[in-house]
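Visitor: Sequence isn't available, so here's the structure alone:
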């Protein structure tokens with residue numbers, strides 16, 4: 001049996017927390033749009049709809065119809081190596097884990113993402129909007145990352161990660177000015193002046 005893999009990332013822009021890469025695999029011929037009504041780019045969906053579609057994905061995994069992985073790269077790795085390098089590594093790790101036999105898969109990736117060279121693949125600009133399997137990967141990446149940020153908000157309650165998930169909102173910058181950076185902040189992404197702004 002041959003498989004189609006969709007790949008997308010979430011959390012490229014936040015000031016804190018990891019970047020995540022979602023990879024979803026379905027059998028060739030599986031109609032993602034029909035089986036996941038309303039599937040779309042995770043950024044275009046409400047949290048409720050993302051969670052609903054992710055629950056549907058988990059149900060299909062339980063039935064054996066689909067598989068997924070979400071790979072993280074930490075803020076520390078992003079600071080040391082750069083966002084592009086760590087995303088490429090997460091893509092490779094996830095693809096190799098879901099599809100060890102390159103001959104049996106075709107991979108569709110969003111934007112500028114690339115899989116290891118031995119895999120048949122196509123990179124599609126705005127793929128998270130245009131290609132349902134990539135949309136589903138974007139949902140997996142976003143939901144799993146958001147859940148992690150909510151857990152981290154308990155460990156670092158002063159920053160409000162449960163609300164903004166590490167993005168550079170006004171409230172987040174205010175907390176940075178008040179409390180400084182914590183261990184999960186991306187230091188290379190944050191440039192505060194002497195007033196903490």
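Guide: Right, received. Where do you want to start? None of the values given here were measured: they were computed from a predicted structure.
Visitor: What is the longest helix of the protein by residue count?
Guide: Of all segments of type helix in the chain, defined using DSSP state H, the longest is helix 132-155.
Visitor: And that helix, how far out from the chain middle?
Guide: Centroid separation for helix 132-155 versus its chain: 6 Å, with C-alpha atoms, centre = their mean, to the nearest Å.
Visitor: How about stretch 116-129?
Guide: Offset of stretch 116-129 from its chain centre (C-alpha atoms, centre = their mean): 15 Å.
Visitor: what do you get for stretch 33-53?
Guide: 14 Å.
Visitor: returning to that earlier point: for the longest helix of the chain, name the packing helices and strands.
Guide: Packed against helix 132-155 by the contact rule (3 or more C-beta pairs under 8 Å, 6 or more residues apart in numbering; DSSP states H and E) you find strand 3-10, strand 19-27, helix 32-35, helix 47-63, strand 67-73, strand 105-110, helix 127-130, helix 161-164. For glycine as for every other residue, the C-beta is placed from the backbone atoms N, C-alpha and C.
Visitor: can you put those in TSV and add distance to residue 89, mean pLDDT and mean neighbour count?
Guide: As requested, these are exported to TSV (distance: least, C-beta to C-beta, whole Å; pLDDT from 0 to 100; neighbours: other C-beta atoms under 10 Å):
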stretch	distance to residue 89	mean pLDDT	mean neighbour count
strand 3-10	12	98	25
strand 19-27	9	98	26
helix 32-35	26	98	15
helix 47-63	24	98	15
strand 67-73	7	98	21
strand 105-110	14	98	23
helix 127-130	20	96	20
helix 161-164	24	96	18
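Visitor: Export those to TSV and append columns for distance to residue 136.
Guide: As requested, the helices and strands packed on helix 132-155 are exported to TSV (distance: least, C-beta to C-beta, whole Å):
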stretch	distance to residue 136
strand 3-10	6
strand 19-27	5
helix 32-35	6
helix 47-63	6
strand 67-73	8
strand 105-110	11
helix 127-130	10
helix 161-164	24
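Visitor: Quick one: closest of these to residue 85.
Guide: Judged by C-beta to C-beta, the one of these that comes nearest to residue 85 is strand 67-73, at 8.9 Å.
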